[in-house]
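> Task: produce atomic coordinates for the following.
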Amino acid sequence: MRRAASFAAALVLVLAATACQGGEPAVDASAEPEAGGPAWGATPDAGAVTRPGALPEDAPALAALVAEQVAAAGTLRSEVSITIPGQSREDTLTAEVITGEEPVARITIDQYTPEEGAEAEPPATELILAQDVVYALQDQAALELGERPWIRLSREELAAYEAELGPFVAIFDQIFAIAEEARMDASTENLVALVEAGELTEGPVADSSEGAAAQRYEGTAPMAVLGRNSADEAYDTLIEEGVDTVEWTLLLDERGLPLRFDVQVEVETGTRALSSAAYSGWAEPIDIALPPEDEISSLQTLVEDAGEGGG
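Modelled structure (predicted):
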């Protein structure tokens, strides 16, 4: 889960790599919302999320219920804390998500290193993800973007500039993978995948630990599911070390919507948290707007500016 630092490092490398290259392939962005105004919005019908009948008693049925109720809700807000055993850094994702076949999310990623004497934390990374487009807000000075602190990356534009970027295409592919992983963490997609592939060990059990009536489920799942949906090699390392199972706890409200999802793993030093997600704002209105046009750079503007600077 190498998020914010990966974005910054990749973009700095590409700026250097394109310093002596030019080119102006055309990219059609006509299908996107206009910058600086309302972009993606959702005003779901809260009444569309009805209480489930009988509560699930196996993991696949539980995963199916969550997926169905999340789709009916249409929107959510989440806060996810992520810690990987063997790494000292913690990531916190705060997000607003519009679900559906073409989900949209606005995510802020903060990093924290709880070690004395650790280097200064990188600035928070802010992302807007929609279909095959990623908008990333990075540290303005570090990226040398002048008055355009946002950068827009699209699959279409990446293909158009493949020749100019050369081997750095792989870095941008990694950026897309990390951004998509962040969206899956912030939404419930990784939750559903993990539960669906797992087994129940307890539940449903009545639980009011979150201050509301809820049902608690506990279970296990293969570590390989997390590794498959992650760009971080730490999961593969854990599997190689014999840590092949994770334990999870899921709290559902009375509508079958997640309140909390915790994932833990047993390592030699004891149980460690992998992630803890809190969900709220189900079926509440969400508007995700793009920043003003004059604050956004793109691969095209970066390549053109680098070409002018490098002669």
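
> Please, where are all the strands along this structure?
40-42, 75-83, 90-98, 104-112, 125-130, 133-137, 150-154, 199-207, 214-222, 245-252, 258-267, 270-280, 286-288, 296-298 (DSSP state E).

> I'd like those as a markdown table, with distance to Glu181 appended.
Glycine gets a C-beta too; all of them are placed from N, C-alpha and C. Converted to a markdown table, the strands of the chain look like this (distance: least, CB to CB, whole Å):
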| stretch | distance to Glu181 |
| --- | --- |
| strand 40-42 | 20 |
| strand 75-83 | 10 |
| strand 90-98 | 10 |
| strand 104-112 | 11 |
| strand 125-130 | 11 |
| strand 133-137 | 12 |
| strand 150-154 | 15 |
| strand 199-207 | 24 |
| strand 214-222 | 17 |
| strand 245-252 | 16 |
| strand 258-267 | 14 |
| strand 270-280 | 12 |
| strand 286-288 | 19 |
| strand 296-298 | 23 |
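
> Using JSON lines, lay out those together with mean neighbour count.
Below are the strands of the chain laid out as JSON lines (neighbours: other CB atoms under 10 Å):
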{"stretch": "strand 40-42", "mean neighbour count": "17"}
{"stretch": "strand 75-83", "mean neighbour count": "20"}
{"stretch": "strand 90-98", "mean neighbour count": "21"}
{"stretch": "strand 104-112", "mean neighbour count": "21"}
{"stretch": "strand 125-130", "mean neighbour count": "22"}
{"stretch": "strand 133-137", "mean neighbour count": "22"}
{"stretch": "strand 150-154", "mean neighbour count": "22"}
{"stretch": "strand 199-207", "mean neighbour count": "14"}
{"stretch": "strand 214-222", "mean neighbour count": "19"}
{"stretch": "strand 245-252", "mean neighbour count": "21"}
{"stretch": "strand 258-267", "mean neighbour count": "19"}
{"stretch": "strand 270-280", "mean neighbour count": "17"}
{"stretch": "strand 286-288", "mean neighbour count": "18"}
{"stretch": "strand 296-298", "mean neighbour count": "19"}
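
> To Val169, which of the ones you listed lies closest?
strand 150-154 (11.5 Å; CB to CB).

> what angle sits between the longest helix along the chain and strand 125-130?
In the chain, with assignment by DSSP state H, the single longest helix is helix 169-186. If you take axes from the mean of the first three to the mean of the last three CA atoms, to 10 degrees, helix 169-186 sits at 90 degrees to strand 125-130.

> Turn the strands of the chain into JSON lines, including distance to Ala163 and mean pLDDT.
Rendered in JSON lines, the data for the strands of the chain read as follows (distance: least, CB to CB, whole Å; pLDDT from 0 to 100):
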{"stretch": "strand 40-42", "distance to Ala163": "32", "mean pLDDT": "83"}
{"stretch": "strand 75-83", "distance to Ala163": "36", "mean pLDDT": "91"}
{"stretch": "strand 90-98", "distance to Ala163": "34", "mean pLDDT": "90"}
{"stretch": "strand 104-112", "distance to Ala163": "31", "mean pLDDT": "86"}
{"stretch": "strand 125-130", "distance to Ala163": "26", "mean pLDDT": "89"}
{"stretch": "strand 133-137", "distance to Ala163": "21", "mean pLDDT": "89"}
{"stretch": "strand 150-154", "distance to Ala163": "17", "mean pLDDT": "87"}
{"stretch": "strand 199-207", "distance to Ala163": "49", "mean pLDDT": "94"}
{"stretch": "strand 214-222", "distance to Ala163": "41", "mean pLDDT": "94"}
{"stretch": "strand 245-252", "distance to Ala163": "43", "mean pLDDT": "94"}
{"stretch": "strand 258-267", "distance to Ala163": "42", "mean pLDDT": "89"}
{"stretch": "strand 270-280", "distance to Ala163": "39", "mean pLDDT": "82"}
{"stretch": "strand 286-288", "distance to Ala163": "33", "mean pLDDT": "92"}
{"stretch": "strand 296-298", "distance to Ala163": "17", "mean pLDDT": "83"}
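
> Could you say which one of those strands comes nearest to Thr188?
The nearest among the strands of the chain, by CB to CB, is strand 258-267 at 5.9 Å.

> how far off strand 270-280 does the closest one point, in degrees?
Going by the same axes, to 10 degrees, strand 258-267 makes 170 degrees with strand 270-280.

> starting at the chain centroid, how far to strand 258-267?
17 Å (CA atoms, centre = their mean, to the nearest Å).

> same thing with stretch 92-102?
8 Å.

> so what's the closest residue to Thr301 other than its chain neighbours up against?
What sits nearest to Thr301 in space, not counting adjacent residues and going by CB to CB, 6 or more residues apart in numbering, is Arg148, at 7.4 Å. Applying CB atoms under 8 Å, 6 or more residues apart in numbering to Arg148 gives the contacts Asp294, Glu295, Ile296, Ser297, Thr301.

> Many thanks, have a good one.
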